[in-house]
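Asks: Next comes the sequence, and after it the predicted model I'd like to discuss.
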Amino acid sequence: MRKETWPGVIERYRAFLPVDAAMPIVSLGEGGTPLRHAPRLSSRVGADVYLKLEGSNPTGSFKDRGMTMAVSQAVAQGSRTIICASTGNTSASAAAYAAAAGIDAVVLIPSGHIALGKLAQALVYGARVIQIDGNFDEGLHLVRTLAESYPLTIVNSINPYRLQGQKTGAFEVIDELGFAPDAQFIPVGNAGNISAYWLGYREYYEAGFAQQLPKMYGVQAAGAAPIVTGAVVPQPETVATAIRIGNPASWSLALAARDESGGAITAVSDEEILQAYILLAREEAVFCEPASAASVAGLLKTPVSPGSSIVCVLTGNGLKDPDTAVSQVQVPKVVGTSMKEVAEAIGL
Ligand code: AN7
């Protein structure tokens, strides 16, 4: 019901976005995602916790909010080919919006370090998928270099239209709650999303739609935590492949979000990420991807004011990464088809 009447983030928030009347809108109905109260997590931390379920977007991640803007702008400029480097979700989203626009998408992905569902999406939507023998940071460098020599429009979050679209997540949080939360937890990879949310919160605050600004808590994976340590990580490693990034493009914007809001950027171990991942599924019935669970892992380690309102952004859908999912549970053994065997297997 909600999706059928939802116009997509550009139409919904047009007054806050750099779009003119002539811009052709390439939308897949992104945004309008649920903000769900999390009762068990709330009692665990002694605060009112809400989960922003960005895995409900058309390609299963928050990237769609920015991609509708970036691809609409690319089409408006007459671009025929978009390009990005990606840990997976940007490539899936770029591939989908290029398909919708009838243009080509080229995506560079780190070979062996992208979740299976994301790879499948990029391929099935029809992108030209280039697997590089290198990581995301090397891919993004290549993309910048290629775009200097060839007619390619970059749709990574260094394209300012991406952050413009992604800031609508903050608008939705305020629209849904009726106020800005006291704190927000969000995973940080290339640092575009934390920067975009901060931009969105500030714009809504300045427009009078909120009486306060949330403290922004960014969460990195311990093996890929350059903003926490203050140094580029040449070989980032984490089970949360979406945020396996060692040199974030929006580093300084993330620091500004942290400092201006009075928040923090912290690191969580892979073990903490996977614990939060299972906890979210078992206690809140949310199947998100590991990178998304980092936000909740960060919350669980951070002292928060009793009774405060907290939003955790769950950036991507758990179906994206089936390999990590099955590695975290016991795969059932095969039993025979007699009632006795099945009853025994059930434990009756
Ligand atoms: C599920 O797809 O960078 O800090 O190339 O897929 O804005 O980078 C993905 C990032 C968090 C981090 N959660 O957001 C890509 C890519 C999920 C993600 C992030 C990503 P940014």
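Replies: Arrived safely.
Asks: Is there proximity between the helix or strand harbouring Arg162 and the ligand?
Replies: According to DSSP states H and E, Arg162 maps onto helix 160-166. No: contact of helix 160-166 with the ligand (CB under 6 Å from any ligand atom) is absent, the minimum separation being 7.5 Å. Yep, even glycine has a C-beta here, placed from its N, CA and C like the rest.
Asks: ends of stretch 6-20, how far apart?
Replies: Taking CA to CA, to the nearest Å, stretch 6-20 runs 20 Å from one end to the other.
Asks: circling back to that earlier point, report the rounded mean pLDDT for the helix holding Arg162.
Replies: Averaging pLDDT along helix 160-166 gives 98.
Asks: Could you list every helix and strand in contact with that helix?
Replies: helix 63-76, helix 192-206 (3 or more CB pairs under 8 Å, 6 or more residues apart in numbering; DSSP states H and E).
Asks: repeat that with 10 Å
Replies: When contacts are defined as 3 or more CB pairs under 10 Å, 6 or more residues apart in numbering; DSSP states H and E, helix 160-166 sits against helix 9-12, helix 63-76, helix 192-206.
Asks: Show me what counts as buried in that helix.
Replies: 161-166 (16 or more other CB atoms under 10 Å).
Asks: nearest to the ligand, of those residues?
Replies: Gln166 (7.5 Å; CB to the nearest ligand atom).
Asks: Spatially nearest residue to that closest one, not counting backbone neighbours?
Replies: Excluding the flanking residues, the one nearest Gln166 by CB to CB, 6 or more residues apart in numbering is Ala196, at 3.5 Å.
Asks: For Val9, see how far away the one you found is.
Replies: Applying CB to CB, to the nearest Å, the value for Ala196 to Val9 is 11 Å.
Asks: what do those two both touch?
Replies: 65-66, 164-169 (CB atoms under 10 Å, 6 or more residues apart in numbering).
Asks: And the furthest pair within those?
Replies: For these, the farthest-apart pair by CB to CB is Gln164 and Gly169; their separation is 11.7 Å.
Asks: neighbours of the closest residue to Cys288 other than its chain neighbours, just the number please.
Replies: Using CB to CB, 6+ apart and skipping residues adjacent in sequence, the residue nearest Cys288 is Leu314, 4.3 Å away. Per other CB atoms under 10 Å, the neighbour tally for Leu314 reads 34.
Asks: try the one 5 residues further on
Replies: The criterion is other CB under 10 Å. On that basis, Leu319 has 15 neighbouring residues.
Asks: That one touches Ala325, doesn't it?
Replies: Yes: contact criterion CB atoms under 10 Å: Leu319 and Ala325 qualify, at 8.2 Å.
Asks: Give me the phi and psi for Leu51.
Replies: phi -110, psi 120 (degrees, to the nearest 10).
Asks: Bridged to it, which residues?
Replies: Beta-bridge partners recorded for Leu51 (DSSP bridges): Arg36, Cys312.
Asks: gap between it and Gly208?
Replies: Distance from Leu51 to Gly208, counting by CB to CB: 27 Å.
Asks: Next, Thr153: phi, psi?
Replies: When read as degrees, to the nearest 10, the backbone of Thr153 gives phi -100, psi 120.
Asks: And for it, the neighbour number?
Replies: Residues near Thr153, counting by other CB under 10 Å: 21.
Asks: ok, it - contacts?
Replies: Contacts of Thr153 (CB under 10 Å, 6+ apart): 70-71, 73-75, 77-84, 103, 147, 159, 161.
Asks: Just the buried subset of these, written out for ChimeraX, thanks.
Replies: The ChimeraX selection below is limited to those of those classed as buried (16+ other CB under 10 Å):
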select :70,71,73,74,75,79,81,82,83,84,103,147,159,161
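Asks: tell me, what's touching Gln164 and Gly169 both at once?
Replies: Joint contacts of Gln164 and Gly169 (CB under 10 Å, 6+ apart) are 9, 65-66, 196, 200.
Asks: How far does stretch 38-58 sit from its chain's centre?
Replies: 15 Å (CA atoms, centre = their mean, to the nearest Å).
Asks: Next, the distance between the ends of that stretch.
Replies: 23 Å.
Asks: For the chain, which segments are assigned as strands?
Replies: Assigned by DSSP state E, the chain shows strands spanning 35-37, 48-53, 81-85, 104-110, 128-132, 153-154, 183-187, 215-221, 264-268, 309-314.
Asks: That'll do, ta.
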